[in-house]
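Chemist: Here you go, sequence then predicted model.
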Amino acid sequence: MVSRGAATGIGTVSLGGRFLSISLPWERSARRPPIEGKGSNGKKQLQTSRRLRNESLGELQEEFIVRSLFCLTRSKRWNQIDGCLRMAGRRTCSDRRGLLHAVLGVIGILLLASPQMTAVAPADDAPSVTVMHAGADVLLKDLQFLSSLTTPKEQSAWKKIIDKEEGVLEIFLLGIDRARPMQLDILLGNNTQRFRMYFPISDFELFESENLGGFDIQTKKIATNFFQLSGGGYAGFLRYLHKYAIIAESRDDLPAELNDPAAVLKPLLEKHYSVAVDIRNAAAGREARLQSMAELRKNLSDAIKRKATETEAEFALRKAAFDAQMDELERFFVDASQITLGIVLDYAKRDARLDINLQAIPDTPLANDIQALNQRPSYFASLKKSDSAIFFGKLNFPLTEMRQANLLKQFEYARIVAAERVQKDESRSADQKKKAVETIDAFYDLLVDGTKKGVLDGFIEIRQDEAGRRVFLAANQAPDGTRMRKVLQLYAQSKTGRAVEFDVATVAEVKIHRLQPSRELEGLTDFLGDRSAFYVGTSEDVIWYATGHDALNQLKATITKWHEGRNASPNNAESPSTDGTFAEMFIKSGAWFQYLDERRKKREAKAPPKKLTATEKAAKQEREKLLRLALEACQTGDDTVSGHLKRVGDHVEGEVRFGESLLRLVSKIVADFANENL
């Protein structure tokens, strides 16, 4: 349900869970002249800040920050960030928005730029969430580093944001102690979310008159170091404690015994995070969280309706997929004792690192899941990423009873859906339809037995040579890979033109078969640029796949390397790997941006020109601009994304690294925004 309060203008999204509802402050107030300040940080700085506030630039920055947060929290793809920024920047208005609402937006932007987090002591039932930024000095240093990755022209645009005299960021820092961290507590419970914000203060009078006052927020002292806030579209309270201005909407959220953020956040600061998020659950609140999830699940499930074009089985499959997703969400929301995400910008390595830490409440299903990780080494432990890889992924993941049940349920409906579509295919004869259904049954029988084995173990690699030719390679462990031969035999009889050539090669007891790719694989083969053949290798315990340039030779070489690696480690199957890694990932982003550009040009060359509306034309130009910026960013430097997850004792640790080129892309997007809007 989405509603907007008539009197206050506060937008609210409620999904019905006790803790899982979302409300977004979205209030406006009439513009009034800024209150004259009494601060002592220099006449020139005050004159600059007043001038900026009296210009539309100040309004634009406020609008940009708040709307960017609104967009970013709803974006489904990383490449939509640029669109969010632009929508935010172009939406100017003649009114002013409250400082505290803008702060929520600042935090959203800081999460992109680089900051930090930790949690206050959690309530007995609701999750506790705290966001922390390492401070304005760190922010400015990080932004200066990002700006250094761009061209001189783009660095000039960056000055509109970070320049000490003219940059719009300065208007948010009056009276702020730039050396100390900032903190945001998200207080959950009773179907609400409340915010408690901690601003480190160097000059309280300056902060009160020029920072709060500059956004039309007045303070009224009602007790020692305790103030009521009003105006500027915000009503709340402020407690001055530990040289922090601590602000919340409810006075009950500002007790006098609040801890000093400097001490609370010290462990995260010692890890040199720029930004971090820490979510914590108390074991005592587990039953209440289960109840909240049950309410959320029911409300979301009730909203899923059967489409007019869906068969009963298709609808059931969609519902089964939803149930599986909710089961996974529930496990983390209910059973995680702590989830921490932290971001570091490494100036020396010229990259960014995202740290991940997951801990479970003892003796819960999630704790059992973590203990099950890496109890046996991957069957493909000896295979490493090749030098020509543009994508590499490896997963060795145990399938618990819950996950097995969910997969088997989805396979049941997917089998029916596939058979129904075969029956609707008028290009097949009756005998071909029969063989196609038998193919489907044999294939899903293999999937079912593999799922019951209790582990998902496999790898995928896509390689690209210097000429831009690509090949796809993959494999998965199977209870009896030789059964895939029967699937291929039935596949050859299921439709005209589906020829299969068996035993074209044998490598290390793996029989390799060649087949003509079906229509369902056209997307993959088109991407690879070679639709001549798809190869399947079968053996007792592994099924192999390959297609693309020189696929057969590369598959044979990969199988040989895998076989030699397993023979070199005879105890591989009996002892777990030493580092606990159960998931790996690598992406060479520049190659993928090049492919997107190739696909765009091919489509435009094939399709006749289409008359676009003004909105469609603008959206097309934005997409093309973002792609151009991405290609420019990846011309030099490291353009990779890499990461891993591993079990360390009773918890999970992981990291994701973003290379210099991706940071340069972010910098270019910000510079482009500044050029057009500031």
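Modeler: Sure thing, it's come through. Numbering: from 1, shown residues only.
Chemist: Show me the shaky parts of the chain.
Modeler: Scanning the chain for pLDDT under 70 picks out 1-124, 190-191, 518-526, 530, 569-578.
Chemist: what bridges to Q359?
Modeler: Beta bridges link Q359 to Q338, H651 when assigned by DSSP bridges.
Chemist: what's near enough to touch it?
Modeler: Counting by CB atoms under 8 Å, 6 or more residues apart in numbering, Q359 makes contact with A336, S337, Q338, I339, D650, H651, V652. Using the backbone N, CA and C atoms, a C-beta is placed for each residue, glycine as well.
Chemist: switch the cut-off to 6 Å
Modeler: Taking CB atoms under 6 Å, 6 or more residues apart in numbering, we find Q359 in contact with S337, Q338, H651.
Chemist: Looks like the second one contacts N281 (just checking).
Modeler: No. Applying CB atoms under 6 Å, one finds Q338 not in contact with N281, separated by 7.7 Å.
Chemist: of these two, who's got more company?
Modeler: Taking other CB atoms under 10 Å, Q338 and N281 do not tie; N281 has more neighbours (28 against 18).
Chemist: so who does the more buried one touch?
Modeler: Each residue near N281 by CB under 6 Å, 6+ apart is listed here: P127, A336, S337.
Chemist: go again using 7 Å as the cut-off
Modeler: When contacts are counted by CB atoms under 7 Å, 6 or more residues apart in numbering, N281 touches P122, P127, R289, A336, S337, I361.
Chemist: The fifth one contacts P362, doesn't it?
Modeler: No. Between S337 and P362 no contact is recorded; they are 8.1 Å apart, counting by CB atoms under 7 Å.
Chemist: Those two - which one has more neighbours?
Modeler: A count of neighbours by other CB under 10 Å puts S337 above the other of S337 and P362, at 19 against 11.
Chemist: quick one: that one from L269, how far?
Modeler: To L269, S337 is 22 Å away according to CB to CB, to the nearest Å.
Chemist: D177 too?
Modeler: Counting by CB to CB, the gap from D177 to L269 is 14 Å.
Chemist: just L300 next, same as before
Modeler: L300 is 38 Å from L269, by CB to CB.
Chemist: again with H563
Modeler: Per CB to CB, H563 is found 49 Å from L269.
Chemist: Same check on Y535?
Modeler: Distance of Y535 to L269, given as CB to CB: 53 Å.
Chemist: With neighbour numbers in mind, choose between the two.
Modeler: Shown here are Y535 and L269; by other CB under 10 Å, Y535 has more neighbours (23 against 18).
Chemist: Now do the same contact list for that one.
Modeler: I512, H513, R514, A546, T547, A551, L552, L555.
Chemist: Assign the last one to helix, strand or coil.
Modeler: When states are read from DSSP: H, G, I helix; E, B strand; the rest coil, the local structure at L555 comes out as helix.
Chemist: Look up the residues forming beta bridges with the residue nearest to it when sequence neighbours are not counted.
Modeler: Nearest non-adjacent residue to L555, counting by CB to CB, 6 or more residues apart in numbering: A546, 3.8 Å away. Beta bridges link A546 to L473, Y535 when assigned by DSSP bridges.
Chemist: Hmm, A546 is touching N553, no?
Modeler: No. Counting by CB under 7 Å, A546 stays clear of N553, with 9.5 Å between them.
Chemist: Excluding sequence neighbours, find me the nearest residue to S250.
Modeler: Sequence neighbours aside, R194 is the residue nearest to S250 in space, at 6.3 Å (criterion: CB to CB, 6+ apart).
Chemist: ok but that neighbour is inside a helix, no?
Modeler: No. Judged by three-state DSSP, R194 forms no part of a helix; its state is strand.
Chemist: Now do the contacts for it.
Modeler: By CB under 7 Å, 6+ apart, the residues touching R194 are L187, A248, E249, S250, D253.
Chemist: Can I have the buried ones of those as a PyMOL selection?
Modeler: Of these, the buried ones go into a single PyMOL selection, burial set by 16 or more other CB atoms under 10 Å:
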select buried, resi 187+248+249+253
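Chemist: Go through the contacts of R194 and name the one nearest A619.
Modeler: Closest approach between the contacts of R194 and A619, by CB to CB: E249, at 37.4 Å.
Chemist: Now the phi/psi pair for that closest one, please.
Modeler: phi -80, psi -30 (degrees, to the nearest 10).
Chemist: Quick check, it in contact with Y234.
Modeler: No. The criterion here is CB under 7 Å, and E249 misses it with Y234 at 8.2 Å.
Chemist: So for these two, which residues contact both of them?
Modeler: Shared contacts of E249 and Y234 (CB under 7 Å, 6+ apart): none.
Chemist: Burial check on E270, number of neighbours?
Modeler: E270 has 8 nearby residues by other CB under 10 Å.
Chemist: Distance check, L627 against Q621.
Modeler: 11 Å.
Chemist: same deal with Q325?
Modeler: For Q325 relative to Q621 (CB to CB), the value is 35 Å.
Chemist: cool, and H563?
Modeler: From H563 to Q621 the distance is 52 Å (CB to CB).
Chemist: What of A436?
Modeler: Taken as CB to CB, the span from A436 to Q621 is 45 Å.
Chemist: likewise K220?
Modeler: Distance of K220 to Q621, computed by CB to CB: 50 Å.
Chemist: do D480 as well
Modeler: According to CB to CB, D480 stands 54 Å off from Q621.
Chemist: right, and the secondary structure at the closest residue to Q183 other than its chain neighbours would be what?
Modeler: Spatially, and ignoring its direct neighbours in sequence, Q183 is nearest to Y198 (4.0 Å; CB to CB, 6+ apart). Recorded secondary structure, Y198: strand (three-state DSSP).
Chemist: How about Y347, nearest residue that isn't a chain neighbour?
Modeler: Nearest one to Y347, counting by CB to CB, 6+ apart, is F145 at 5.5 Å.
Chemist: Settle this for me: that neighbour is touching A348, isn't it.
Modeler: No. Proximity of F145 to A348 does not meet the contact threshold set by CB under 7 Å, at 10.6 Å.
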